[in-house]
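>>> Prediction below, plus the sequence it came from.
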Amino acid sequence: MSELSIGELKTLVQQPKGLFVSIYMPIYRTGVDVQQNSTRLKTLKRQAENSIVESGMSEGEALEFLQPIQQLVDAEDIFWQENNNDGLAVFLGSEVFHYYRLPLNFQELVVVTDRFHLKPLLPLLTGDGKYYVLALSQQDVRFLECTRSSVREIELEDVPKSVDETLQYDETAKEGQRRMSTPKGGTNNSFQQAGSFHGQGSPDRDKFQRDMLQYFHAIDRGLHKYLRNKRAPLVLAGVEHLFPGYREANSYQHLLEEGIPGNPELLKPEELQAQAWEIVEPIFLQEQQEAIEHYKELTVTGRTSTDIKEVVPAAYFSRVEQLFVPVGVQQWGLFNPDLNTIDLHSEAELGDEDLLDLAAIQTILNGGTVYAVEPEKVPDEAPLAAVFRY
C-alpha cells in the first residue's frame, strides 16, 4: 500500500503493548540498483532478529515472527519498482503487519520495542513537506505527489486524459448542453465567481472556452477522491491561458495562485517537482516561521516548554497545541501515563521507546500541529519545544 492516513496511524499507535518491529529504508527503483533493495531489507531484518533474540526469544521463534518481512525480502523486482516511491516503511507485531511505499527517502533504521516507531513519517502526516502538481494540457493530464526530495506520479482513474475524451463520453456534451454555471473555486483569484462562457468574442472562441471548462470540471470531479480532506498545496503546470478556466472549475481549497507556465508535456516529473518546490517552499517556511514567532511570544506566559519530562505527558493528555521535534534524533526512555513518570536513558534499553516519537504522534492524534525540523531549527536549540493549549 502507498497511502498513510491519520486513521491508519491511530491503528498503529493503539496496538496493545507487545513486541513490535519498525523498519525504514530507501528504495532503488531503476537499473541494477533495484536488486540491492532485497539485500538491504534482508540486512535490516537480520538486525531486527538480533534485537528480538536479545529480548529473550529463541532464534527459531524470531525467524517465525519475522516471516512476513521475509516475504518482502523474497519479492520480485516489480514490487520495488511500482508506484514510483522512494522509501519503504514496515511495521510488524504479533497480530499486525503493514508496509507502505512512501514518497520519502528514509534513512535506514530498525527499532524493536513495545511500540511502533513512527517519527520518520511526520513529514507526510503533518503536511509540511507534501505538495501536489497538476500538469494540464489539452491532450494530457498528469498528477504528481511530491516532497522536497521525491516525486510520485499517481495514475488517475475517472479523470479524462484529453478534451476530446471529455466531450466524447460526457453525455451532457453529446446532447449539446455545454452551457455551465460553475461553483465558486477554492482559491482567492478573479476567476472564482460562478458564471458561464457566453456571448462574447467569436463563436469559435466561445465554443473552445465551453469545451475547456467542461474538461476542467471533469478533471476536478475526478481529483476529488484523491484530494478529499487533504491540505497540501496544489500547483498548476500548463500554458498560462488555461489557468483561469481551471481555477474557475476548481473546488480544492489549497490550489495556489502561482503556477508553472509552459507546456508541461516537455517536462519530466522531476523537473515539475523542482519548479513546484520553488513555489511551495516559501509557504512551508512562512508557516513554520510564524509558529516559531508564536512560540517566542508565549515564552513569558508559561504556555511553552522545552522540558521533555513536561512535554511528553502534556502531549499524551491533549495539552500540546504546537510541537517542534528534530528529525533523525531519538530520546530513549519510558513514560508511564498511569503514574505520570518518565525515565530517560542515554541509549536504548529493553522496553524503551523514543519519547520524541511518542510526543509527536500523540500531538497529532490529539489535533495538534507538529513541525519535524532539522535539530538546529528547534526553538532554543532544545531537544524539543512545545506550545501548550492552556
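Yes, it's here.
>>> ok, L92 touching L66?
Yes - with contacts counted by C-beta atoms under 8 Å, L92 reaches L66, the gap being 7.1 Å. (C-beta placed from N, C-alpha, C; glycine too.)
>>> If you count surrounding residues, which of those two has more?
A direct count of neighbours by other C-beta atoms under 10 Å for L92 and L66 places L92 higher, at 22 against 18.
>>> follow-up on the earlier one: name the residues contacting each of L92 and L66.
V21 (C-beta atoms under 8 Å, 6 or more residues apart in numbering).
>>> for the lengthiest helix in the chain, packing partners?
Using DSSP state H, we find that the single longest helix of the chain is helix 269-297. Judged by 3 or more C-beta pairs under 8 Å, 6 or more residues apart in numbering; DSSP states H and E, helix 269-297 is in contact with strand 131-137, strand 140-147, strand 150-154, strand 234-238, strand 260-261, strand 320-326, strand 369-373, strand 385-388.
>>> Kindly recompute the last result at 6 Å.
The criterion is 3 or more C-beta pairs under 6 Å, 6 or more residues apart in numbering; DSSP states H and E, and the helices and strands that helix 269-297 contacts are strand 131-137, strand 150-154, strand 234-238.
>>> Name the residues of it that are buried.
If you call a residue buried by 16 or more other C-beta atoms under 10 Å, then helix 269-297 has these buried ones: P269, L272, Q273, Q275, A276, W277, I279, V280, F284, A291, I292, Y295.
>>> Switch those residues over to a markdown table; also include distance to F335 and pLDDT.
Shown next, in a markdown table, are the buried residues of helix 269-297 (distance: C-beta to C-beta, whole Å; pLDDT from 0 to 100):
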| residue | distance to F335 | pLDDT |
| --- | --- | --- |
| P269 | 42 | 92 |
| L272 | 43 | 96 |
| Q273 | 39 | 93 |
| Q275 | 44 | 96 |
| A276 | 40 | 96 |
| W277 | 37 | 93 |
| I279 | 40 | 96 |
| V280 | 35 | 94 |
| F284 | 30 | 86 |
| A291 | 25 | 92 |
| I292 | 26 | 93 |
| Y295 | 23 | 96 |
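>>> now the strands for the stretch 51-200 of the chain?
87-92, 97-102, 109-113, 131-137, 140-147, 150-154 (DSSP state E, counting those that start in this stretch).
>>> that older thread, and the buried residues of helix 269-297, which two are furthest apart?
P269 and Y295 (36.3 Å; C-beta to C-beta).
>>> that older thread, so of the strands of the stretch 51-200 of the chain, which one's packed in deepest?
strand 131-137 (a mean of 24; mean count of other C-beta atoms under 10 Å).
>>> What is that one packed up against?
Against strand 131-137 (3+ C-beta pairs under 6 Å, 6+ apart) you get strand 140-147, strand 234-238, helix 269-297.
>>> same thing but 10 Å
strand 140-147, strand 150-154, helix 203-227, strand 234-238, helix 243-249, strand 260-261, helix 269-297 (3 or more C-beta pairs under 10 Å, 6 or more residues apart in numbering; DSSP states H and E).
>>> State the mean pLDDT of the fourth one.
In this model, strand 234-238 has an average pLDDT of 97.
>>> What residues of it count as buried?
L234, V235, L236, A237, G238.
>>> could I get these as a markdown table with distance to K161?
As requested, the buried residues of strand 234-238 are exported to a markdown table (distance: C-beta to C-beta, whole Å):
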| residue | distance to K161 |
| --- | --- |
| L234 | 19 |
| V235 | 20 |
| L236 | 17 |
| A237 | 16 |
| G238 | 14 |
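>>> D338: which of those residues is nearest?
L234 (44.4 Å).
>>> which residues does the closest one contact?
131-134, 143, 186-187, 223, 227, 250, 252-256, 259, 276, 280 (C-beta atoms under 10 Å, 6 or more residues apart in numbering).
>>> per-domain residue ranges of this protein.
1-117, 131-284, 298-390 (automatic domain parsing).
>>> hey, least reliable of those by pLDDT?
Among the domains of the chain, domain 131-284 carries the lowest mean pLDDT, at a mean of 80.
>>> what distance separates the start and the end of it?
This stretch, domain 131-284, spans 10 Å end to end (C-alpha to C-alpha, to the nearest Å).
>>> now swap in stretch 147-159 and tell me
23 Å.
>>> what does stretch 148-165 give?
33 Å.
>>> going forward can the numbers begin at 13, since that is how I track them
I'll keep to 13 as the first residue from here, and by that count the last item is stretch 160-177.
>>> What residues sit buried inside that stretch?
For stretch 160-177, by 16+ other C-beta under 10 Å, it's R160, S162, V163, R164, E165, I166, L168, V171, P172, V175.
>>> what's the burial count for L225?
Neighbour number of L225 under other C-beta under 10 Å is 21.
>>> list the contacts for the nearest residue to L136 once chain neighbours are set aside?
Nearest non-adjacent residue to L136, counting by C-beta to C-beta, 6 or more residues apart in numbering: K142, 5.8 Å away. Residues near K142 by C-beta under 10 Å, 6+ apart: 115-116, 135-136, 157-160, 162, 242-245, 292, 296.
>>> run the last query once more with 7 Å
L136, E157, T159, A244 (C-beta atoms under 7 Å, 6 or more residues apart in numbering).
>>> State the distance from it to H129.
20 Å (C-beta to C-beta, to the nearest Å).
>>> cool, E107 as well?
18 Å.
>>> Which one's more surrounded, these two?
H129 (25 against 7).
>>> Roughly how far does that one sit from I90?
Note on H129: its distance to I90, by C-beta to C-beta, is 28 Å.
>>> same deal with W289?
29 Å.
>>> now swap in Q47 and tell me
Q47 is 12 Å from I90, by C-beta to C-beta.
>>> So which of those two has more stuff around it?
Q47 (11 against 8).
>>> Remind me which helix or strand the more buried one belongs to.
helix 46-66 (DSSP states H and E).
>>> Flag every buried residue along that helix.
For helix 46-66, by 16+ other C-beta under 10 Å, it's V46, N49, S50, R52, L53, L56, K57, Q59, A60, E61, S63, I64.
>>> likewise stretch 327-336?
A327, Y328, R331, V332, E333, Q334, L335, F336.
>>> For F118, grab the count of nearby residues.
Neighbour tally, F118, other C-beta under 10 Å: 17.
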